[in-house]
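*Asks:* quick one, structure for this:
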Amino acid sequence: MDDFDDRFLRIGDVIKKTGCSRASIYRMVASGAFPHQVPIGRRAVGWRLSAVIEWMESPRDYHCS
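*Replies:* Predicted coordinates:
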């Protein structure tokens, strides 16, 4: 993926892309099994598309650093 293509996804887009529920995503974030959110504004967070795709390619092997 080109760096210029790496955009931020909001929670609704992450839910659509992964098929996981909001609660499941936040539970996996808390356990380190899903990418952490990145602050994108004063009161907004998002997930990098590249991180979500990396997780989708190998969810069992994904561990946040």
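*Asks:* show me where the protein has its helices.
*Replies:* Per DSSP state H, the chain carries helices over the ranges 11-18, 22-31, 49-57.
*Asks:* can you lay out those helices as a markdown table showing distance to residue 5, mean pLDDT and mean neighbour count?
*Replies:* The C-beta positions use only the backbone N, C-alpha and C, and glycine is treated the same way. As requested, the helices of the chain are exported to a markdown table (distance: least, CB to CB, whole Å; pLDDT from 0 to 100; neighbours: other CB atoms under 10 Å):
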| stretch | distance to residue 5 | mean pLDDT | mean neighbour count |
| --- | --- | --- | --- |
| helix 11-18 | 14 | 96 | 15 |
| helix 22-31 | 22 | 95 | 13 |
| helix 49-57 | 7 | 94 | 16 |
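*Asks:* Serialize the ones you listed to JSON lines and add fields for distance to residue 37.
*Replies:* Listed next are the helices of the chain as JSON lines, based on distance: least, CB to CB, whole Å:
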{"stretch": "helix 11-18", "distance to residue 37": "9"}
{"stretch": "helix 22-31", "distance to residue 37": "7"}
{"stretch": "helix 49-57", "distance to residue 37": "10"}
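*Asks:* minimum distance to residue 41: which of those has it?
*Replies:* Nearest to residue 41 among these is helix 11-18 (13.7 Å), distances taken as CB to CB.
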